[in-house]
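Colleague: Turn this into a model:
(chains A, B, C and D)
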Number of protein chains: 2
Amino acid sequence: MDKKILFNKCITLLTSVHRVTHELTQNAKSESITPVQYKILEYITVSQPVTPSDISDCQHMSMSNTSRELKKLSEKNLIKKISDTEDRRKQYICLSKDGEALMNEAFAKVELRFLDRIRNASKEDLQEIDRALDILQTKLFY
Amino acid sequence: MDKKILFNKCITLLTSVHRVTHELTQNAKSESITPVQYKILEYITVSQPVTPSDISDCQHMSMSNTSRELKKLSEKNLIKKISDTEDRRKQYICLSKDGEALMNEAFAKVELRFLDRIRNASKEDLQEIDRALDILQTKLFY
DNA sequence: CCTTTTACTTATCATTTGATAATTAATGAT
DNA sequence: ATCATTAATTATCAAATGATAAGTAAAAGG
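Modeller: Residues are numbered from 1 along each chain as shown, chains lettered A, B, ... in the order given. Next up, the predicted model:
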């Protein structure tokens, strides 16, 4: 196995993944939030509850900028902040009802486009895709 | 095959791919260019020669903003513009020597990190990864 | 020819994002 | 009790990006 070839293949896939992600998500997000805010909400959606520090780490942004964006999301009533009862410096961020609704809507659009993308795949194709997703998730994109 | 489960698995992989991409590429790019400029150079690298219109389409930015960024890249001597002899409205963009050097350096850093990531993979793992990349490339991220 | 379309450019403005420093409040360590 | 550390906030500034409008030059289509 030539690792150089594997590298190139991987780069090609990365490029394709980014292109397809854009196709799946374009116009999915509400216009009331910025791209960064959408990414934050997406992260909260799949990982809630999370702390501002978690968001800062995972989204690669400074605590100050994270705090600013969370404040804006809070002002738009898309998230709730809950203080930790043990360590009162900490906060837990969750989606509000509005936030959930907004993300459900966005995810529904993305799912529709995803289903359209695999529309013509056979049963065997789907199983191969499923298996390939597992392998890459565990062995490469862990 | 439950397509809903497949969708969720796919979203999880997309998230992982974006995280890993960030890990592989962070600090790989020269500090003399902006993220958007790096993405443009990356696209030129794998697809050259390309026209400004190609870049505009594929990077999802307006022609005017594309033109501005290409001008900056040109001023930094990272790209060359070549006019089409047949249709003098058209241009072909290629990397300059400096541009190639800059991208080679960036790709080398990314490759090192990639190799480190698959350091502990067995021969069988690598073959599975290779096969999985092929499948996803052709059947999902086409 | 004359008009329309295409490819690209320039200029300008608003918004978003990134970076930095200073501050508050709670906790941990000695 | 004091000092250091942690978690988060606020304020401010600069830079990058996105959006829009107007303009140039070449080509294409009557």
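Colleague: tell me the phi and psi of the nearest residue to residue A:25 once chain neighbours are set aside?
Modeller: Excluding its sequence neighbours, the residue lying closest to residue A:25 (CB to CB, 6 or more residues apart in numbering or on different chains) is residue A:110, at 5.8 Å. Every C-beta, even on glycine, is put in place using the N, C-alpha and C of the backbone. With angles defined as degrees, to the nearest 10, residue A:110 sits at phi -60, psi -40.
Colleague: was I right about residue A:110 contacting residue A:26?
Modeller: No: contact status for residue A:110 versus residue A:26: not in contact, 9.7 Å apart, counting by CB atoms under 8 Å.
Colleague: who has more neighbours, those two?
Modeller: residue A:110 (21 against 12; other CB atoms under 10 Å in any protein chain shown).
Colleague: For that one, list the residues it contacts.
Modeller: Residues in contact with residue A:110 (CB atoms under 8 Å, 6 or more residues apart in numbering or on different chains) are A:24-25, A:28, B:11.
Colleague: Filter those residues down to just the ones in helices.
Modeller: Per DSSP state H, helices hold the following members of the contacts of residue A:110: A:24-25, B:11.
Colleague: Domain map for chain A?
Modeller: A:1-29, A:31-106 (automatic domain parsing).
Colleague: Within range of DNA strand C, give me the residues from chain A.
Modeller: A:34-37, A:61-62, A:64-65, A:68-69, A:86-89 (CB under 7 Å from any atom of the strand).
Colleague: ok, now with 6 Å
Modeller: A:34-37, A:61-62, A:64-65, A:87-89 (CB under 6 Å from any atom of the strand).
Colleague: Generate a ChimeraX selection restricted to the buried subset of the residues you listed.
Modeller: Typed into ChimeraX, the line below selects the buried ones among these, using 16 or more other CB atoms under 10 Å in any protein chain shown:
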select /A:37,61
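Colleague: Quick one, grab the pLDDT at the residue most central in space within chain A.
Modeller: In chain A, the residue lying closest to the centroid (CA atoms, centre = their mean) is residue A:42, at 4.3 Å. Per-residue confidence at residue A:42 stands at 95 (pLDDT).
Colleague: Give the closest residue to it in space, chain neighbours not counted.
Modeller: residue A:103 (7.3 Å).
Colleague: wait, that neighbour sits on residue A:95?
Modeller: Yes: contact criterion CB under 8 Å: residue A:103 and residue A:95 qualify, at 6.5 Å.
Colleague: and for these two, which residues touch both?
Modeller: Joint contacts of residue A:103 and residue A:95 (CB under 8 Å, 6+ apart) are A:41, A:45.
Colleague: mind saving the C-alpha coords of the worst-scoring helix or strand of chain A on mean pLDDT as CSV?
Modeller: Ranking every helix and strand in chain A by mean pLDDT, DSSP states H and E puts helix A:3-25 at the bottom, with a mean of 92. The C-alpha trace of helix A:3-25 is given here as CSV (Å, rounded to 0.1, in the frame of the first residue of the first chain):
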residue,chain,number,x,y,z
LYS,A,3,0.9,5.8,1.5
LYS,A,4,1.6,8.6,-0.9
ILE,A,5,-1.3,7.5,-3.2
LEU,A,6,-3.5,7.0,-0.2
PHE,A,7,-2.7,10.6,0.9
ASN,A,8,-3.7,12.0,-2.5
LYS,A,9,-6.9,10.0,-2.5
CYS,A,10,-7.7,11.3,1.0
ILE,A,11,-7.1,14.9,-0.1
THR,A,12,-9.4,14.4,-3.1
LEU,A,13,-12.0,13.0,-0.7
LEU,A,14,-11.6,15.9,1.7
THR,A,15,-12.2,18.3,-1.2
SER,A,16,-15.2,16.4,-2.3
VAL,A,17,-16.6,16.3,1.2
HIS,A,18,-16.3,20.0,1.5
ARG,A,19,-18.0,20.6,-1.8
VAL,A,20,-20.8,18.2,-1.0
THR,A,21,-21.3,19.7,2.5
HIS,A,22,-21.7,23.1,0.9
GLU,A,23,-24.3,21.6,-1.6
LEU,A,24,-26.2,19.9,1.2
THR,A,25,-26.2,22.9,3.6
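Colleague: That one and DNA strand D, are they touching?
Modeller: No: using CB under 6 Å from any atom of the strand, helix A:3-25 never reaches DNA strand D; the gap is at least 10.8 Å.
Colleague: and that helix, which residues are buried?
Modeller: For helix A:3-25, by 16+ other CB under 10 Å, it's A:6-7, A:9-11, A:13-18, A:20-21, A:24-25.
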